[in-house]
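Enquirer: Okay, predicted coordinates and the sequence, questions at the end:
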Amino acid sequence: MSELRELYQQVIIDHSKRPRNFGALEGANRNADGHNPLCGDKVHIHVLTEGDRVKDIRFEGSGCAISTASASMMTEVVKGKTVAEVEKLFKNFHALVTAEVGADETVLGKLAVFSGVCEFPMRVKCATLAWHTLHGALEGGSQSVVSTE
């Protein structure tokens, strides 16, 4: 295994075992529930927006290491970003984990640790669940429900 892949795995394991921004967010004005019925991963995203900017974000739920790490890292990266910047990140992240042409890893920064997910198609939904749920929260308002199916 390459040193880079090993480092990527360590980052994912760290975020899975010690997720950042985990828990409820008082005052959230955007919320969504996400569910992956294939594996049982569940996530609830709480977002506090101010204008078109994500002022704060937290998540709750349970899932596999990839799902939890993805939610944790997503919350770190999108805090302070505009909704348009979040959508750009989501499109690039989705392209990365599905091996679509056009993923701009310079935009993704540390999210590039998920590049190996494309080798395991069944794990793509795990990695993107929190992102789809965030998209639902930002688009759907106060309460939205998202499924990977």
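Expert: Good, I have the coordinates.

Enquirer: Please save the CA atoms from the lowest-mean-pLDDT helix or strand in the chain in PDB.
Expert: One helix or strand of the chain scores below all others by mean pLDDT, DSSP states H and E: strand 144-147, with a mean of 74. C-alpha atoms of strand 144-147 as PDB (Å, rounded to 0.1, in the frame of the first residue of the first chain):
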ATOM      1  CA  SER A 144     -36.000  17.900   4.300                       C
ATOM      2  CA  VAL A 145     -35.700  14.200   3.900                       C
ATOM      3  CA  VAL A 146     -33.100  12.700   1.600                       C
ATOM      4  CA  SER A 147     -32.600   9.100   0.500                       C
END
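
Enquirer: partners of it, with directions?
Expert: strand 30-36 (parallel) (DSSP bridges).

Enquirer: Ser67 is in contact with Ala127, correct?
Expert: Yes. Between Ala127 and Ser67 there is a contact at 7.2 Å, judged by CB atoms under 8 Å. (Each C-beta comes from the backbone N, C-alpha and C, glycine too.)

Enquirer: List the contacts of the least confident helix or strand of the chain.
Expert: With CB atoms under 8 Å, 6 or more residues apart in numbering as the test, strand 144-147 has contacts from 31-37, 129, 132-133, 135-137.

Enquirer: Before I go, just wanted to say thanks for your time.
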